[in-house]
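K.L.:
the sequence and its predicted three-dimensional model are supplied below.
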Amino acid sequence: MGTENQPAAFLARSGIKSTPQRLRVVEELAREHNDVTAGELHDRLRRKGAGIGLATVYRTLSLLHEHGAVDTFSHHAGELCYRLCGDVHHHHLVCTSCHRVVELADCDLEPWVKRSAKQHGFTATAHEVEIRGVCAACRG
């Protein structure tokens with residue numbers, strides 16, 4: 001998000017009212033290439049002089065997730081990690097060592113998802129895949 005209007009446009013596209021705090025959270029989250037916890041994001045914002053409370057960061061991230069504007073990961077024990085992702089359907093590779101996140105755009109799972117759901121009396125409305133492993137850099 002290089003220009004000033006992009007965080008505001010992002011919030012508007014996501015159906016979220018823009019506030020100064022939300023803009024700061026989105027701006028900082030956009031700088032992260034992998035993922036970040038709410039606490040880490042809050043620390044970064046405070047170091048940059050943002051007078052924003054941890055509860056506000058949590059509420060903003062939760063709101064962004066509710067609107068489908070961020071993806072969450074559960075690879076930090078007891079705490080969610082957040083990441084701005086692309087708008088198209090995708091899945092993730094997540095390194096359990098360094099927390100590198102790679103988006104996988106190709107998805108051939110739809111027939112399997114529908115068949116599996118039908119076998120169990122479900123109607124599939126969505127699916128998410130998070131593949132955990134160790135990236136090449138961490139394997140050394």
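P.N.:
Nice, I can see it. Numbering: from 1, shown residues only.
K.L.:
quick one: the helices in the protein?
P.N.:
6-13, 20-30, 38-47, 54-66, 110-119, 136-139 (DSSP state H).
K.L.:
reformat these as JSON lines; add mean neighbour count and mean pLDDT.
P.N.:
(Each C-beta comes from the backbone N, C-alpha and C, glycine too.) Listed next are the helices of the chain as JSON lines, based on neighbours: other CB atoms under 10 Å; pLDDT from 0 to 100:
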{"stretch": "helix 6-13", "mean neighbour count": "16", "mean pLDDT": "91"}
{"stretch": "helix 20-30", "mean neighbour count": "20", "mean pLDDT": "95"}
{"stretch": "helix 38-47", "mean neighbour count": "17", "mean pLDDT": "96"}
{"stretch": "helix 54-66", "mean neighbour count": "18", "mean pLDDT": "95"}
{"stretch": "helix 110-119", "mean neighbour count": "12", "mean pLDDT": "93"}
{"stretch": "helix 136-139", "mean neighbour count": "10", "mean pLDDT": "94"}
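K.L.:
can you put these in JSON lines and add distance to V129?
P.N.:
Shown next, in JSON lines, are these (distance: least, CB to CB, whole Å):
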{"stretch": "helix 6-13", "distance to V129": "24"}
{"stretch": "helix 20-30", "distance to V129": "22"}
{"stretch": "helix 38-47", "distance to V129": "24"}
{"stretch": "helix 54-66", "distance to V129": "17"}
{"stretch": "helix 110-119", "distance to V129": "10"}
{"stretch": "helix 136-139", "distance to V129": "20"}
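K.L.:
how about those, which one is nearest C98?
P.N.:
helix 136-139 (5.3 Å; CB to CB).
K.L.:
can you name every helix or strand that the closest one contacts?
P.N.:
Of the remaining helices and strands, none touches helix 136-139 by 3 or more CB pairs under 8 Å, 6 or more residues apart in numbering; DSSP states H and E.
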